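Peer 1: No sequence on hand, only this structure:
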């Protein structure tokens with residue numbers, strides 16, 4: 001039988017007295033993790049923060065407390081979880097976590113000086129969470145919208161818009177909970193290196209009525225169906241909602257679309273096939289086509305001669321999608337399509353994508 005996972009103790013008069021502090025970030029960048037698991041035989045720390053598996057040690061008082069200190073850890077927002085006798089376990093003492101396909105806790109190790117993704121003492125914008133009924137999908141969905149500092153102060157001012165799409169492992173909250181897009185925008189706007197803008201973060205997972213996604217055995221077909229349904233909802237639900245609710249500037253030169261991984265593939269497909277809507281298009285570690293046939297299918301409406309288009313593609317050198325991005329870069333080159341292709345260190349991970357968003361925002365709409 002597995003051990004009783006993360007059993008919580010309390011002391012009379014002080015309900016938090018025996019709750020271990022976890023995680024505890026130290027001034028030198030080391031991080032201590034603690035969990036109560038009485039009777040456990042083996043407790044491991046897993047996730048990006050651990051760089052593999054690290055075994056926690058039982059405390060000497062024999063009250064079921066296990067702990068480990070790792071690091072120094074690179075500044076950033078890192079995910080982690082516990083493996084307690086083979087059971088995937090979240091840290092019950094940490095309310096910071098990422099949700100969706102596989103939930104995980106988050107720990108922030110601050111940078112000095114503060115990085116763009118950190119919450120700092122600058123004017124802050126507002127995050128709006130919209131629930132809406134999708135007519136094409138016949139279901140309830142949601143999206144997040146960021147409005148910049150001062151948006152409420154001048155009802156006559158209009159703003160450019162960025163549609164920012166998440167990856168397959170996340171939901172509509174991914175770019176705020178983990179990507180910190182709102183903090184990056186706040187800090188760059190305050191520094192005068194990015195233009196105040198509205199950022200729309202929709203839900204990228206979608207299937208049309210009558211489609212059972214669990215019955216689609218071919219993974220490629222699953223993504224094709226998902227992307228087609230997502231695009232349908234995007235143009236028929238999300239875009240009208242945003243254009244009706246927020247003060248946006250007109251024209252493709254004042255509209256951008258970008259995304260990471262699955263969302264990078266979606267943003268490039270939507271953006272390149274619709275130059276009448278988007279002049280600014282970017283993909284981070286994008287799930288783009290791997291061959292000529294797939295590219296021809298996904299970009300059937302793509303016109304290489306379309307003017308005023310600015311395309312930005314970034315990928316880490318150790319990313320498992322690097323070959324696809326190399327192919328796509330060559331595919332655009334063969335069609336004489338101007339674009340920027342940026343290779344950096346890193347893999348398929350949030351530290352890379354937060355960095356790409358910061359780089360890209362500095363030149364967006366400028």
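Peer 2: Ah, there it is. These numbers were taken from a predicted model, which means no experiment stands behind them. Numbers count the residues shown, from 1 in each chain.

Peer 1: Grab the nearest non-local neighbour of residue 246.
Peer 2: For residue 246, ignoring the flanking residues on the chain, the nearest one in space by CB to CB, 6 or more residues apart in numbering is residue 198 at 5.4 Å. To be clear about C-beta, it is placed using only N, CA and C from the backbone, and glycine gets the same treatment.

Peer 1: okay, now the one you found: neighbour count?
Peer 2: Residue 198: 24 surrounding residues under other CB atoms under 10 Å.

Peer 1: Spit out the contact partners of it.
Peer 2: 145, 146, 147, 148, 151, 159, 160, 161, 162, 242, 246, 248 (CB atoms under 8 Å, 6 or more residues apart in numbering).

Peer 1: Now do the contacts for the last one.
Peer 2: For residue 248, the residues meeting the contact criterion (CB under 8 Å, 6+ apart) are 158, 159, 160, 161, 198, 242, 254, 255.

Peer 1: And for residue 171?
Peer 2: 99, 100, 203, 204, 205.

Peer 1: quick revisit: and the contacts of residue 198, which is closest to residue 64?
Peer 2: residue 146 (42.6 Å; CB to CB).

Peer 1: circling back: separation between the residue nearest to residue 246 and residue 161?
Peer 2: 5 Å (CB to CB, to the nearest Å).

Peer 1: Give me the common contacts of those two.
Peer 2: Both residue 198 and residue 161 are contacted by 242, 246, 248, under the criterion CB under 8 Å, 6+ apart.

Peer 1: So the second one versus residue 143, what's the distance?
Peer 2: To tie it back to what came earlier, the one meant is residue 246. Residue 246 is 12 Å from residue 143, by CB to CB.

Peer 1: With the first one instead?
Peer 2: Here the distance between residue 242 and residue 143 works out to 8 Å (CB to CB).

Peer 1: Of the two, which one has the most company?
Peer 2: residue 143 (22 against 18).

Peer 1: how's the protein carved up into domains?
Peer 2: What the record gives for the chain is the domain set 24-109, 126-363, from automatic domain parsing.

Peer 1: Where does pLDDT dip in the stretch 201-350 of the chain?
Peer 2: The stretch 201-350 of the chain contains residues with pLDDT under 70 at 307.

Peer 1: 80 instead, please
Peer 2: Residue ranges of the stretch 201-350 of the chain with pLDDT under 80: 306-308.

Peer 1: where exactly do the helices run in it?
Peer 2: 219-233, 239-245, 262-273, 292-298, 322-334, 350-363 (DSSP state H, counting those that start in this stretch).

Peer 1: Of those, flag the one that's most buried.
Peer 2: Mean neighbour count (mean count of other CB atoms under 10 Å) peaks for helix 262-273 among the helices of the stretch 201-350 of the chain, with a mean of 26.

Peer 1: roughly how far is that helix from the heart of the chain?
Peer 2: Going by CA atoms, centre = their mean, to the nearest Å, the spacing between the C-alpha centre of helix 262-273 and its chain's C-alpha centre is 15 Å.

Peer 1: what's the closest non-adjacent residue to residue 281?
Peer 2: residue 271 (3.3 Å).

Peer 1: Next: residue 328.
Peer 2: Residue 328 sits nearest to residue 288 (CB to CB, 6+ apart), 4.2 Å away.

Peer 1: so the one you found sits right up against residue 262, yeah?
Peer 2: No: applying CB atoms under 8 Å as the test, residue 288 and residue 262 come out as separate, 10.6 Å apart.

Peer 1: do you know how far residue 141 is from residue 327?
Peer 2: From residue 141 across to residue 327, the span is 32 Å (CB to CB).

Peer 1: so who does residue 256 touch?
Peer 2: Contact partners of residue 256, counting by CB under 8 Å, 6+ apart, are 160, 161, 162, 163, 278, 279, 280, 281, 282, 364, 365.

Peer 1: Bridged to the fourth one, which residues?
Peer 2: The residues listed as beta-bridge partners of residue 163 by DSSP bridges are residue 200, residue 257.
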